[in-house]
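In: Fold the stuff below for me.
(chains A and B)
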Protein chains: 2
Amino acid sequence: MRQVAIIGIGQTPIDEHWELSLRDLAADAAVRAMHDAGREGAGGVFVGNMMSGTINQQNNLGPLVADWAGARGGDAVKVEAACASGAAALRSALMAIASGELDSALVVGVEKMTDRPMREVTASLATAADADYEVEMGISFVGLNALVMRRYMHEFGWKHADFAPFAINAHANAIHNPFARLHSQITAQEFEKSVMVATPINLLDASPVGDGAAAVYLVPAESLASGARILVAASAASTDTLAVHDRPDGLFLKAAYKSSQEAYRQARVGPQDIDVFELHDAFTIMTALSLEACGFAERGKGIQLGLDGEITPTGSVPITTRGGLKARGHPVGATGVYQVVEVVQQLRGECGPTQIPEARIGMAQNIGGSGATILTHILVRE
Amino acid sequence: MRQVAIIGIGQTPIDEHWELSLRDLAADAAVRAMHDAGREGAGGVFVGNMMSGTINQQNNLGPLVADWAGARGGDAVKVEAACASGAAALRSALMAIASGELDSALVVGVEKMTDRPMREVTASLATAADADYEVEMGISFVGLNALVMRRYMHEFGWKHADFAPFAINAHANAIHNPFARLHSQITAQEFEKSVMVATPINLLDASPVGDGAAAVYLVPAESLASGARILVAASAASTDTLAVHDRPDGLFLKAAYKSSQEAYRQARVGPQDIDVFELHDAFTIMTALSLEACGFAERGKGIQLGLDGEITPTGSVPITTRGGLKARGHPVGATGVYQVVEVVQQLRGECGPTQIPEARIGMAQNIGGSGATILTHILVRE
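Out: Numbering: from 1, shown residues only, chains lettered A, B, ... in the order given. The predicted structure follows:
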């Protein structure tokens, strides 16, 4: 299998872009990535997106984005895996290059969520859950996560305030990321006093939606001179049951465990070798569960890493260094590509005040549904 | 690149399956394909689907289908390329195996379209076109094809009745396919008298929607003893502009030309070597355009093949041998997989009265949007 390198990245600020259409956002990120790579066009365009059909009345994003970004003619598809669509598109593109079918690929994650009323967005987000056995019962996506969080607090004895460091760190880091949705520092008191969404999840436990696009440009590593390359050292995907209630243990992200173990195996590293970890903090509870499933903390102890300050840029397990889903924002189908763009920025040393010194190995993990589809990628600078 | 073989196929009848959900249909086809292959589970599940988000309020079909079919744990994504979603999912799976990342894959095309009112289905189908520059102007998907057909008739001097053989052949062949949506023979007179949909396209020019699922099981060819294998000898994708009006020539399917030429190159064959061609006859006009773009007829002459009887099972270019989109039915995201299943049936010699004698090389072509995304696959029995 051919090794793949990332030679270009691009992103738009995440915001309510009422003046820009879905295609504008996608093409903006795509063109920036091509420019960064010094390339024009691409052998294939892999678009990560979840809700363009329901919110933007537009499917067939492959040719739409290829057309608008000036990368027409080759492969062009949309890959959907709910909130993990971005990483799933990346993995499809990686396999296309690894197979020898393509010699270059553009991966574009895009989501335009703010044009429709919030109730429609909520309904669209709920399509990530089980329509017949979860949503039909009246539960929303945040509601599902709230049940998981409540059970976690009960099982392991944590209180709501213990989750605060995850949100505080994300907001503090986002201040230095010009592409982030939110640029406001928050305090532990504000975290506790924030408005309730679905008890125990309040507004500052939850990530904001938004409009945005991110892109990466891939080529076979063999086509580059070695030195200063950023290689995709691991790509792994795993699935669990779609419905949370079908799992023997609702507090264990089995697909995160399996995909991270497989990724460690491929990259020949362990959790202790990861310099930066962009995880999927859609809700603070997911941060705890991801840290635990990926081997950074024991079961029920992920919270402690936050309380001990280990998750900040100067800690032992730096996470959400550009703001994470919580403060960079969560344009769902684009998120997985934003994470990879941010890991590349860390490996290139472009992160200013939140730069991890001499970062060489970075991991990104993207979650679709309530843990149903989880993809883990490890990038290495060499 | 590793060569890939198809060792299992499965399909459901296409119908109004009000008693079955999306997951039931998908799992039914998937389980049949696994059974046919003599396998349980798969390294990855690639679901081709277009409109589950808009019509079924369900995204994240990867884990849904993997879960329900008993193929949980590995890769699982939905691939969307409008009506070419099925072939796009197949191509993603092929590249996953070719890259060495997976050693088995299940490709499942599924669409459940008949649960919602027809106006919603029409709106959902229109998401295959350009939302901002075509649909916003009030044109439906059939309306777009009607403009193309009218122009074709004007440009090349054909009259509506000349398109009849395409529909008549499809209906005649579907009678012998137990999975087909329609089992009624039609006459040239019925074709001409059929109710108008969008002039000049009438009901018998157009393919019926429906609920259905089809699946194929893929493994590396090297894992099988040679002899009686069905190999994927070519897989090629190409895109054109999303909007028809952006093309210099709206009567030439450039993406069909490019992807078929690339497929011929990979399989080292030409149009004259194709024993059976399952093409994308969503409308009779598309049959003519496909035959021309793929080298079976000159520009403007595709109609002649129908008038000369060359497209029937005993002709020189047998098409839609199991009924095609026209009479087998067109559950949009599933269609591309049905086509491949049918080519496999031909190569296995399972097609009864519409069997092409000693069929050895078959081609399937799946079109997304009005020619925006076109994938061509060639299968060979050896």
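In: Flag the shaky bits of the stretch 101-250 of chain A, pLDDT-wise.
Out: Counting by pLDDT under 70, the stretch 101-250 of chain A shows no low-confidence range.
In: Around chain B, which positions in it sit nearby?
Out: A:101, A:123-124, A:126-132, A:135, A:235, A:237-242, A:246 (C-beta under 8 Å from any C-beta of the partner chain). (Each C-beta comes from the backbone N, C-alpha and C, glycine too.)
In: try 6 Å this time
Out: Residues of the stretch 101-250 of chain A found near chain B (C-beta under 6 Å from any C-beta of the partner chain) are A:E101, A:T127, A:A128, A:A131, A:A237, A:T239, A:T241, A:L242.
In: quick one, what contacts the fourth one?
Out: It stands for A:A131. Shown in contact with A:A131 (C-beta atoms under 6 Å, 6 or more residues apart in numbering or on different chains): B:Q57, B:Q58.
In: those helices in the stretch 151-300 of chain A, which residues are they?
Out: A:164-174, A:188-193, A:254-267, A:284-293 (DSSP state H, counting those that start in this stretch).
In: Please parse chain A into its domains.
Out: Domain segmentation of chain A under automatic domain parsing yields A:4-117+A:211-223, A:140-208+A:232-381.
In: Indicate which one of the helices of the stretch 151-300 of chain A is closest to B:A37.
Out: helix A:254-267 (24.0 Å; C-beta to C-beta).
In: Buried ones in the closest one, by neighbour count?
Out: A:254-264, A:266-267 (16 or more other C-beta atoms under 10 Å in any protein chain shown).
In: one step back: can you select the buried ones from the residues of the stretch 101-250 of chain A next to chain B in ChimeraX?
Out: Remark: buried members of those, expressed as a ChimeraX selection using 16+ other C-beta under 10 Å:
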select /A:101,127,128,131,237,239,241,242
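In: Please list the residues of the stretch 251-382 of chain A that sit near chain B.
Out: Residues of the stretch 251-382 of chain A found near chain B (C-beta under 6 Å from any C-beta) are A:G368, A:G369, A:A372, A:T373.
In: what pLDDT does the last one get?
Out: What the model reports as pLDDT for A:T373 is 96.
In: For the stretch 251-382 of chain A, give the residue positioned nearest to chain B.
Out: Nearest residue of the stretch 251-382 of chain A to chain B (C-beta to the nearest C-beta) works out as A:A372 at 4.0 Å.
In: what's that residue sitting at in phi/psi?
Out: When read as degrees, to the nearest 10, the backbone of A:A372 gives phi -70, psi -40.
In: For the residue lying closest to it once chain neighbours are set aside, which residues are in contact?
Out: Leaving aside its sequence neighbours, A:A372 sits nearest to B:P63 (C-beta to C-beta, 6 or more residues apart in numbering or on different chains; 4.0 Å). Neighbour list for B:P63: A:T239, A:L242, A:A372, A:T373, B:A76 [criterion: C-beta under 6 Å, 6+ apart].
In: Give me the three-state assignment for B:P63.
Out: Classification of B:P63 by DSSP: H, G, I helix; E, B strand; the rest coil places it in helix.
In: Name the helix or strand for A:A96, please.
Out: helix A:85-98 (DSSP states H and E).
In: Please tabulate the buried residues of helix A:254-267 in JSON lines and include pLDDT as additional columns.
Out: Shown next, in JSON lines, are the buried residues of helix A:254-267 (pLDDT from 0 to 100):
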{"residue": "A:K254", "pLDDT": "97"}
{"residue": "A:A255", "pLDDT": "97"}
{"residue": "A:A256", "pLDDT": "98"}
{"residue": "A:Y257", "pLDDT": "98"}
{"residue": "A:K258", "pLDDT": "98"}
{"residue": "A:S259", "pLDDT": "98"}
{"residue": "A:S260", "pLDDT": "98"}
{"residue": "A:Q261", "pLDDT": "98"}
{"residue": "A:E262", "pLDDT": "98"}
{"residue": "A:A263", "pLDDT": "98"}
{"residue": "A:Y264", "pLDDT": "98"}
{"residue": "A:Q266", "pLDDT": "97"}
{"residue": "A:A267", "pLDDT": "98"}
